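K.L.:
Okay, sequence plus prediction incoming.
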Amino acid sequence: MRAVFPPTPLLRNDHLSARFGADIWLKREDLSPVRSYKLRGAFNAMRKVIPAQSVFVCASAGNHAQGVAFMCRHFGVQGVIFMPVTTPQQKIQKTRMFGGHHVEIRLVGDYFDNTLAEAQEFCAAQNAHFLSPFDDEDVIEGQASVGVEIEAQLGRAPDRIILPVGGGGLSAGVRSYFQDRVEYTFVEPVGAPSLGAAIAAGTPVDVSPINSFVDGAAVAKLGARTFARLSTVKPETIVHLSEDRICTTIVEMLNVEGIVLEPAGALAIEALHEIADLIRGKTIVAVASGGNFDFERLPEVKERAQRYSGVKKYFILRMPQRPGALKEFLSILGPEDDIARFEYLKKSARNFGSVLIGIETSVPDNFARLFGELDAAGFTYTDITNDETLAQFVI
């Protein structure tokens, strides 16, 4: 592997170490050549069947596709990469950049399941080698190299490793390497709890429909091979984080540390808050699994982070249709309250109009004062900040 790329850095983070009273290190997989750990598994799986096999097939809309493309160019073999038609152009272009003329990209299906079925059908017809993103022993072994590097760079095994979980390839590989020499925290998004569901059921189960926001870890069903290596995981070692909450870490790491993380790459860092009492005084490694972040998503990420942190709220205000009503409302706003959204619908046949309003402020406590004064003034309003259905349409 060292002939392909150097070890990714293991860096002590002073900011997080001071906050949690621990010795916290980040394993920076976001600094690999493809900005994720996925090329490790692709490298290991491909090297074992070359030169007998020279055509490889995968289905992916993200990091796995880029890892496979990079390795196809490295080994000088051909790759056919199936992606959903809905895949963002940025990901298609990066995959093509890494693979060059060694890869062919086929856009098939609106949903990943359709894309996967087409890829497997093509693979069987062409007698090519299918590269699973996680459910493959050679892929799992390749991802285990993250653990090998951590121990070599730290000079010993850490006290605890925090691992993000999607299909389970990274966590199965690292756990297989360290076995019981370290403690573990496994982290997955609330919208795709594949590991937690598998442990509860005693077998991998489909948790569809899933929330695809944390795309690098949004897997509906844990792999059979990865589950075989994770089946003894204790439920209390699994942490589930909401998608909005993960956004707070993306924003913080960008603003404070200048580190660009994708949602899945931020999972392990945000989980530190959940295990703060367990890690004081200990050496902790959190795996930052990827940094393929499309900056067109930044406004949404900031929005989600603000809503989760309680410094931004949306509500529908019932505004009396009389002169001075709007001025009265504006006078209630505090010096740190900023109007971020204001849409007023006046209907002449009614005595009241509806206002969709968004307010940003500096600290969450400001809303208690604002709502208290609205109540005292007799305004009627409905807080819709956490109404997911309305949020999809109006926020």
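P.N.:
The structure has been received and is ready for your questions. Residues are numbered from 1 along each chain as shown.

K.L.:
in stretch 313-321, what counts as buried?
P.N.:
313, 314, 315, 316, 317, 319, 320 (16 or more other C-beta atoms under 10 Å). Where you see a C-beta, it was placed from the backbone N, CA and C, and this is true even at glycine.

K.L.:
now stretch 24-38
P.N.:
24-32, 34-38.

K.L.:
Next, format the residues you listed as JSON lines and append pLDDT and secondary structure.
P.N.:
Below are the buried residues of stretch 24-38 laid out as JSON lines (pLDDT from 0 to 100; DSSP: H, G, I helix; E, B strand; the rest coil):
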{"residue": "24", "pLDDT": "98", "secondary structure": "strand"}
{"residue": "25", "pLDDT": "98", "secondary structure": "strand"}
{"residue": "26", "pLDDT": "98", "secondary structure": "strand"}
{"residue": "27", "pLDDT": "98", "secondary structure": "strand"}
{"residue": "28", "pLDDT": "98", "secondary structure": "strand"}
{"residue": "29", "pLDDT": "98", "secondary structure": "helix"}
{"residue": "30", "pLDDT": "97", "secondary structure": "helix"}
{"residue": "31", "pLDDT": "97", "secondary structure": "helix"}
{"residue": "32", "pLDDT": "97", "secondary structure": "coil"}
{"residue": "34", "pLDDT": "96", "secondary structure": "coil"}
{"residue": "35", "pLDDT": "95", "secondary structure": "coil"}
{"residue": "36", "pLDDT": "96", "secondary structure": "strand"}
{"residue": "37", "pLDDT": "97", "secondary structure": "coil"}
{"residue": "38", "pLDDT": "96", "secondary structure": "helix"}
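
K.L.:
Can you tell me which of the residues you listed is closest to residue 265?
P.N.:
Checking the buried residues of stretch 24-38 against residue 265 by C-beta to C-beta gives residue 30 as the nearest, at 5.5 Å.

K.L.:
Contacts only, for the closest one.
P.N.:
36, 259, 260, 261, 262, 265, 288, 289, 290, 291 (C-beta atoms under 8 Å, 6 or more residues apart in numbering).

K.L.:
can you do 10 Å?
P.N.:
Going by C-beta atoms under 10 Å, 6 or more residues apart in numbering, residue 30 touches 8-9, 36-37, 253, 259-262, 265-266, 287-293.

K.L.:
And residue 256, by the same measure?
P.N.:
Counted by C-beta under 10 Å, 6+ apart, residue 256 has contacts 13, 15, 16.

K.L.:
hmm, which of those residues are the buried ones?
P.N.:
Looking at the contacts of residue 256 with 16+ other C-beta under 10 Å, the buried ones turn out to be 13, 16.

K.L.:
picking that back up, of all the buried residues of stretch 313-321, which comes closest to residue 232?
P.N.:
Closest to residue 232, out of all of the buried residues of stretch 313-321 and judged by C-beta to C-beta, is residue 313, at 43.4 Å.

K.L.:
okay, now the domains of this protein?
P.N.:
As assigned by automatic domain parsing, the chain contains the domains 10-36+144-302, 54-127, 311-394.

K.L.:
rank the ones you listed by pLDDT, which is bottom?
P.N.:
Note on the domains of the chain: lowest mean pLDDT is at domain 311-394, with a mean of 87.

K.L.:
Show me the strands in the stretch 51-200 of the chain, by range?
P.N.:
55-59, 78-83, 103-107, 129-130, 160-164, 183-189 (DSSP state E, counting those that start in this stretch).

K.L.:
Go through those strands and name the closest to residue 354.
P.N.:
Nearest of these (C-beta to C-beta): strand 183-189, 34.0 Å.

K.L.:
the inter-axis angle of the closest one versus strand 160-164?
P.N.:
Between strand 183-189 and strand 160-164, the angle comes out at 20 degrees (axes from the mean of the first three to the mean of the last three C-alpha atoms, to 10 degrees).

K.L.:
chain center to strand 183-189, what's the gap?
P.N.:
13 Å (C-alpha atoms, centre = their mean, to the nearest Å).

K.L.:
Leaving out sequence neighbours, find the closest residue to residue 154.
P.N.:
residue 10 (6.3 Å; C-beta to C-beta, 6 or more residues apart in numbering).

K.L.:
Select the longest helix from this protein.
P.N.:
helix 112-126 (DSSP state H).

K.L.:
bridging residues for residue 352?
P.N.:
Beta bridges link residue 352 to residue 320, judged by DSSP bridges.

K.L.:
Same question for residue 341.
P.N.:
Here residue 341, judged by DSSP bridges, has bridge partners residue 358.

K.L.:
I figured it hits residue 358, correct?
P.N.:
Yes. Counting by C-beta atoms under 10 Å, residue 358 is a contact partner of residue 341 at 3.2 Å.

K.L.:
more crowded one of the two?
P.N.:
residue 358 (21 against 14; other C-beta atoms under 10 Å).

K.L.:
Enumerate every residue touching the residue nearest to residue 154.
P.N.:
25-28, 146, 149-154, 158, 285, 287.

K.L.:
quick one: contacts of the longest helix of the chain?
P.N.:
55-61, 80-87, 106-109, 128-133, 208, 212, 218-220.

K.L.:
how about the strands of the stretch 251-395 of the chain, start to end?
P.N.:
Under DSSP E, counting those that start in this stretch, the stretch 251-395 of the chain gives strands at 283-288, 312-320, 338-345, 352-360, 380-383.

K.L.:
Show me which of those strands has the highest average neighbour count.
P.N.:
Of the strands of the stretch 251-395 of the chain, the one with the most neighbours on average (mean count of other C-beta atoms under 10 Å) is strand 283-288, at a mean of 26.
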